[in-house]
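Enquirer: Sequence plus the predicted model coming up.
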Amino acid sequence: MNVISLLMPKAKVAYLYEDFTVRQGLEKLRAHGYTAIPVLGKDGSYVGTVSEGDFLWNILDENDNSLRTREKLPLRRLIRPGFNPAVRIDVTMDELLNRAMQQSFIPVVDDRGAFVGIVTRQNIMRRLTIPKEESAGHRPEVSWERPAVPTPAGLS
């Protein structure tokens, strides 16, 4: 199993750009129903991840909590260094599993640091728990009929 087989490509992932405003970030986070979302630079590089908590702490730390203030504040100010680090596309499965124990999703970058997608903890668990035949598109036959239970002699 390699990271490519688990990857949700960038085209299917919601993300923000670091020059978005805090308000734009909040709106996108809410629209998608996520608790955390990757942040990219304009060049497509992975910059970090922001979470609901990052937005909440920012709102609590600011003296002016109006939406107007959120429209002017750049999202890059919320990014915590080292939070939800990315892995390279050639990451080992052991390292990926270790990260999955700490992060609900793992950002993946190529050799140049460009964001290519994410691997979710859910995808890893699904791949590890579903039988190989089923994951290859060959669902095993499942019988929903109750097996016949023999009755003791004389009882019918």
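Expert: It's in.

Enquirer: Show residues contacting stretch 108-127.
Expert: Stretch 108-127 is contacted from outside by 1, 3, 5-10, 12-13, 15, 38, 40, 43-46, 86-89, 91, 96-97, 100, 103-107, 135, using C-beta atoms under 8 Å, 6 or more residues apart in numbering. C-beta here means a position set from N, CA and C on the backbone, and glycine is covered the same way.

Enquirer: End to end on it, go ahead and measure it.
Expert: Distance between the boundary residues of stretch 108-127 (C-alpha to C-alpha, to the nearest Å) amounts to 18 Å.

Enquirer: start the count at 47, not 1, going forward
Expert: Sounds good: first residue 47 from here, last item stretch 154-173.

Enquirer: Show me what counts as buried in that stretch.
Expert: When burial is assessed from 16 or more other C-beta atoms under 10 Å, stretch 154-173 yields the following buried residues: 154-155, 161-167, 169-170.

Enquirer: how far is that stretch from where the chain is centred?
Expert: Per C-alpha atoms, centre = their mean, to the nearest Å, the displacement of stretch 154-173 from the mean C-alpha position of its chain is 8 Å.

Enquirer: So what's the residue count around Val93?
Expert: Close neighbours of Val93, defined as other C-beta atoms under 10 Å, add up to 22.

Enquirer: residue contacts, it?
Expert: Contact criterion C-beta under 8 Å, 6+ apart gives 64, 85-87, 122, 125 as the residues in contact with Val93.

Enquirer: Let me know the secondary structure of it.
Expert: What DSSP: H, G, I helix; E, B strand; the rest coil gives for Val93 is strand.

Enquirer: For the protein, which segments count as helices?
Expert: Across the chain, reading from the start of the chain, the helices by DSSP state H fall at 49-52, 68-78, 98-107, 113-118, 139-148, 167-175, 178-181.

Enquirer: Enumerate the positions of the first one that are buried.
Expert: Going back to what we said before, that points to helix 49-52. In terms of neighbour count (16+ other C-beta under 10 Å), helix 49-52 has its buried residues at 49, 52.

Enquirer: Equivalent analysis for the fourth one, please.
Expert: Of all the residues in helix 113-118, those buried under the rule 16+ other C-beta under 10 Å are 115-116.
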